[in-house]
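Asks: Give me the fold of what follows.
(chains A and B)
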Amino acid sequence: MSAVVSPALAARAGAPAAAGAPPLVVAHVAKSFDADGRVVPVIGDLSLTLNEGEIVAIVGPSGCGKTTLLNTLCGLIAPDAGRIGWFGKEMSGQPAGVGYMLQKDLLLPWRTALRNVMLGLEIRGVGLSEAEERAHVMLDQLGLHGFADHYPTTLSGGMRQRVALARTLVNEPDVLLLDEPFAALDFQTKLLIESDTARLVRESRRSVLLITHDIEEAVSVADRVIVLTKRPTRVKAVYDIALGTERTDMIAARESAGFVDYVRRIWADLDVTRQ
Amino acid sequence: MNGSPLPLRATAPGGVDAATQAAAARRLAAHRRARLRATLLVILSQIALLAAFLALWEYMTAFDKQAAFMFGSPSAIAGFLMTMARDGSLWRDTYVTGVETLLGFLVGNVIGTLIGLSLWYSRFVSRVIEPFVIALGSIPIIALAPIIIIWFGTGLTSKIAMSTLSVVIVALVTSYKGAVGVDEDQINLMRTLGASKFQIFRKLVVPASLADIFAGFKLTVGFALIGAIVGEFMSSSEGLGHAIFKAGSLYIIPKVFAALVATIALALVLTFIVGKVEKLLMPWRRLG
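Replies: Residues are numbered from 1 along each chain as shown, chains lettered A, B, ... in the order given. Model prediction:
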């Protein structure tokens, strides 16, 4: 492991964390739900590792429990079995230094774009002027200069999702958990925001776990794609994606030689036709 | 790309040529005019409907003494309104009822909204008190009037109490519904940002409930007025309810209607004010 340690990671209190421990290790996690007295297993036995500065995509057939997995990782629900380790530490409650983004932008309609981005900083008690400054910088980096004082209702879907991304990144999370964040966007908007996301997280060497059902998105954005089975979910296959291009340009990624091959193999793995 | 196959027209600095821009402006203006015409037509129709109703009323009572006694007439009502305005009783009564309504509205909504919102904090407490809230809410307030007069006397306080009671349960229920209706994903987002329960309450639940709270405000303006008027019916020496009750007892029907007109005007003014405050406090709702 390199000596690159983000300030947020170094500053985390009480986490002298085993140097070089991967940001996220999931070992044999299982989760069932109770549906009218019937036990429905959602996650069968799932293990995966997210390394520092790595973008890992998780794809799976619809309804395979991807969102359950994400909520488990966030500490919003507890697993029935298995261990989740953040930075080499056993998980307890909400993990620190983890940002979270969903398909729904979840912007607060009574806050302007700027004040939405400031939300996390405000919660952590960062001073008003510093929070404003950092939120402005983040909005500018995502191409939203001049929209700081707009209310979400006056922004397009793509811009709203950019504000949501800014709200996540401004907290300088070491790890981002993204749950189909671009699924509702039109194709052009999606490519642009994917490129911006990849650029920003790769520049700062953040780790990303991207949950998606869009195979092309998974292959073009991620370093590694993990294919899940249908419920009860297990890991079916893992692909290390080597496209030999600049990994922040989604057009180039999609035009590269290996792209179609990966997409075809993952599509075959998903076994969609036989569902 | 060099050279488009289409003949290029001179373009304005904005990238759109002047003729297109002018046409767009014309279309927008025409659209606006059409919308204004439609609104104007609605208003004119409303005025015409009201005028026709008043004219029919006036005509039916003009040649029939008994009908005039039973139903009054628009001209007689207008006459009473003039007299009441001149002797000052119109203003005095409207003022008294207005103050009672406003205070009952404020006290009832503040108490109801505070309880309703804070119930969000504890699912346990809200489940415990739910049947009691429903029971209290189903009491017709008028049935409480005699007790209220005994407890609070015949003055202003008993009217405010009646008005408050008419408002408080509705305010509690609407604000609680708003608070528990907050999107679960939004709460999870706040939690992943590290928010404490109080921060979630302050920064998410309260502002997210504002729309429901204001819906409650609009509903309870009328309820507060009913409470005040009922209180005045039971026992009072002034106010619009008192004027209505007294004129009714003396069979002066046009005067009853005159006080009723003032009551309607009061309700409209209060509703208008609530609407204005809503727009002021929730500027984001004007957009989008």
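Asks: So A:P109: helix, strand or coil?
Replies: Following DSSP: H, G, I helix; E, B strand; the rest coil, A:P109 is assigned to coil.
Asks: what's it sitting at in phi/psi?
Replies: For A:P109, the backbone dihedrals (degrees, to the nearest 10) come out as phi -60, psi -20.
Asks: try A:V56
Replies: Torsion angles, degrees, to the nearest 10, at A:V56: phi -120, psi 130.
Asks: Same check on the one 3 residues further on?
Replies: The phi/psi pair for A:V59 (degrees, to the nearest 10) reads phi -120, psi 150.
Asks: again, but for B:D87
Replies: Residue torsions, per degrees, to the nearest 10, at B:D87 are phi -80, psi 0.
Asks: Helix, strand, or coil at A:K104?
Replies: For A:K104, the assignment made with three-state DSSP gives coil.
Asks: where in the stretch 51-200 of chain A is pLDDT low?
Replies: A:91-93 (pLDDT under 70).
Asks: what residues does it put near chain B?
Replies: Proximity of the stretch 51-200 of chain A to chain B, by CB under 8 Å from any CB of the partner chain, involves residues A:71, A:74, A:76, A:94, A:96, A:98-100, A:102, A:104, A:106, A:108-110, A:119-120, A:122-124, A:151-154, A:171. C-beta: built from backbone N, CA, C; applies to glycine.
Asks: let's see 7 Å
Replies: A:74, A:76, A:94, A:98, A:100, A:102, A:104, A:106, A:109-110, A:119-120, A:123-124, A:151, A:153-154 (CB under 7 Å from any CB of the partner chain).
Asks: and those residues, which of them are in strands?
Replies: Among those, the members found in strands (DSSP state E) are A:98, A:100, A:102.
Asks: Who wins on neighbours among these?
Replies: When neighbours are taken as other CB atoms under 10 Å in any protein chain shown, the top entry among these is A:Y100 (26 neighbours).
Asks: give the contact list for it.
Replies: A:74, A:168, A:177, B:189, B:192 (CB atoms under 7 Å, 6 or more residues apart in numbering or on different chains).
Asks: Burial check on the residue nearest to A:A183 when sequence neighbours are not counted, number of neighbours?
Replies: Nearest residue to A:A183, sequence neighbours excluded (CB to CB, 6 or more residues apart in numbering or on different chains): A:Q103, at 4.9 Å. Neighbours of A:Q103 under the rule other CB under 10 Å: 19.
Asks: any idea which element residue 33 lies in?
Replies: Went with chain A since none was named. Under the criterion of DSSP states H and E, A:F33 resides in strand A:24-35.
Asks: ah, I was thinking of chain B
Replies: Here B:R33 is assigned to helix B:18-62, by DSSP H and E.
Asks: which element follows that helix toward the C-terminus?
Replies: Assigned by DSSP H and E, the successor of helix B:18-62 is helix B:65-71.
Asks: From B:K276, how far out is A:M159?
Replies: 31 Å (CB to CB, to the nearest Å).
Asks: nope, B:W284 is what I meant
Replies: 16 Å.
Asks: ok, A:M159 and B:K276, which is more surrounded?
Replies: Legend: neighbour count by other CB under 10 Å for A:M159 and B:K276, higher for A:M159 (20 against 10).
Asks: Going by secondary structure, the closest residue to B:M282 other than its chain neighbours is in what exactly?
Replies: Closest residue to B:M282 apart from its sequence neighbours, by CB to CB, 6+ apart: B:L210 at 5.8 Å. In the assignment (DSSP H and E), B:L210 maps to helix B:206-234.
Asks: elements contacting that helix?
Replies: Applying 3 or more CB pairs under 7 Å, 6 or more residues apart in numbering or on different chains; DSSP states H and E, we find helix B:206-234 packed against helix B:89-118, helix B:145-152, helix B:156-180, helix B:240-249, helix B:253-281.
Asks: what about the residue nearest to B:M282, neighbour count?
Replies: Other residues near B:L210 come to 16 when the count uses other CB under 10 Å.
Asks: now the one 10 residues further on
Replies: B:T220 is flanked by 26 other residues according to other CB under 10 Å.
Asks: Following the chain onward from the strand holding A:F33, which element is next?
Replies: Per DSSP H and E, the first helix or strand lying C-terminal to strand A:24-35 is strand A:38-50.
Asks: what angle sits between that following strand and strand A:24-35?
Replies: Interaxial angle, strand A:38-50 versus strand A:24-35 (axes from the mean of the first three to the mean of the last three CA atoms, to 10 degrees): 170 degrees.
Asks: Residues in contact with strand A:38-50: which ones?
Replies: A:22-33, A:56, A:65, A:68-69, A:175, A:207, A:209, A:226, A:231-235.
Asks: strand partners of it, parallel vs antiparallel please.
Replies: Using DSSP bridges, the strands paired with strand A:38-50 in its sheet are strand A:24-35 (antiparallel), strand A:233-240 (parallel).
Asks: Okay, buried residues for that strand please.
Replies: By 16 or more other CB atoms under 10 Å in any protein chain shown, the buried positions in strand A:38-50 come out as A:42-44, A:46, A:48, A:50.
Asks: Out of those, which is nearest to B:Y95?
Replies: A:V42 (65.0 Å; CB to CB).
Asks: Spatially nearest residue to that closest one, not counting backbone neighbours?
Replies: Of all residues not flanking A:V42 in the chain, A:G65 sits nearest, at 4.0 Å (CB to CB, 6+ apart).
Asks: How many neighbouring residues does the one you found have?
Replies: 25.
Asks: And it, how far from B:A243?
Replies: Counting by CB to CB, the separation of A:G65 from B:A243 is 69 Å.
Asks: Check A:L165 too.
Replies: From A:L165 across to B:A243, the span is 63 Å (CB to CB).
Asks: roughly how far out does stretch A:249-257 sit from the chain middle?
Replies: From the chain centre to the centre of stretch A:249-257 is a distance of 21 Å (CA atoms, centre = their mean, to the nearest Å).
Asks: same thing with stretch A:152-159?
Replies: With CA atoms, centre = their mean as the basis, stretch A:152-159 stands 21 Å off its chain's centre.
Asks: Now do the buried residues in that stretch.
Replies: Residues of stretch A:152-159 classed as buried under the neighbour-count rule (16+ other CB under 10 Å) are A:152, A:155, A:158-159.
Asks: re the thing from before, surely the residue nearest to B:M282 touches B:W284?
Replies: No - applying CB atoms under 7 Å, one finds B:L210 not in contact with B:W284, separated by 10.1 Å.
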